[in-house]
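K.L.:
3D, please:
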Amino acid sequence: MPRIRFEPDGIEIEVKLGTTILQAAEQAGAQLGSACGGECACATCHVYVSEGLDGLSDMDECEEDNLDKAFDVRRNSRLACQARLQIERACVVTISQASRQTFLDEHPELRQR
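P.N.:
Okay, here's the model as predicted:
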């Protein structure tokens with residue numbers, strides 16, 4: 001099973017092949033925003049993939065279009081709701097600052113922690 005680590009928190013989880021980064025984050029309790037609920041209608045689940053980028057599903061047109069809405073897009077940027085783990089290997093993602101803020105806006109009770 002693929003293993004994914006969420007930075008900056010160092011949270012790790014093993015997931016089944018085909019799991020999206022967003023689904024893995026939800027299972028692991030990582031603070032990754034998703035204002036649209038994973039429907040590829042926004043860019044609040046923007047992450048940077050530092051390891052395992054080639055083990056993810058290809059980016060489709062919907063993801064490309066919505067990624068244009070994100071801040072500080074880089075070559076290793078992906079939308080967590082669209083990127084599926086396709087190969088059994090380690091993957092390391094950094095949650096973007098904007099995505100973390102979206103998560104905290106969605107869960108104000110966690111801001112003080």
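K.L.:
in the longest helix anywhere in the chain, what's buried?
P.N.:
Counting by DSSP state H, the longest helix found in the chain is helix 97-106. Across helix 97-106, burial judged by 16 or more other C-beta atoms under 10 Å covers 98, 99, 100, 102, 103. All C-beta spots, glycine's among them, are computed from the backbone N, C-alpha and C.
K.L.:
so what's the second one closest to, chain neighbours aside?
P.N.:
Computed as C-beta to C-beta, 6 or more residues apart in numbering, the closest residue to residue 99 that is not its neighbour in sequence is residue 33, at 4.3 Å.
K.L.:
was I right about that neighbour contacting residue 110?
P.N.:
No - with contact defined as C-beta atoms under 8 Å, residue 33 does not reach residue 110; the gap is 11.9 Å.
K.L.:
those two: which is more packed in?
P.N.:
residue 33 (25 against 10; other C-beta atoms under 10 Å).
K.L.:
look at residue 5 and tell me its secondary structure.
P.N.:
Of the three states, residue 5 takes strand under DSSP: H, G, I helix; E, B strand; the rest coil.
K.L.:
contacts only, for it.
P.N.:
By C-beta atoms under 8 Å, 6 or more residues apart in numbering, the contact set of residue 5 is 11, 12, 90, 91, 92, 93.
K.L.:
tell me which element the residue nearest to residue 99 falls in.
P.N.:
Residue 33 is part of no helix or strand when elements are defined by DSSP states H and E.
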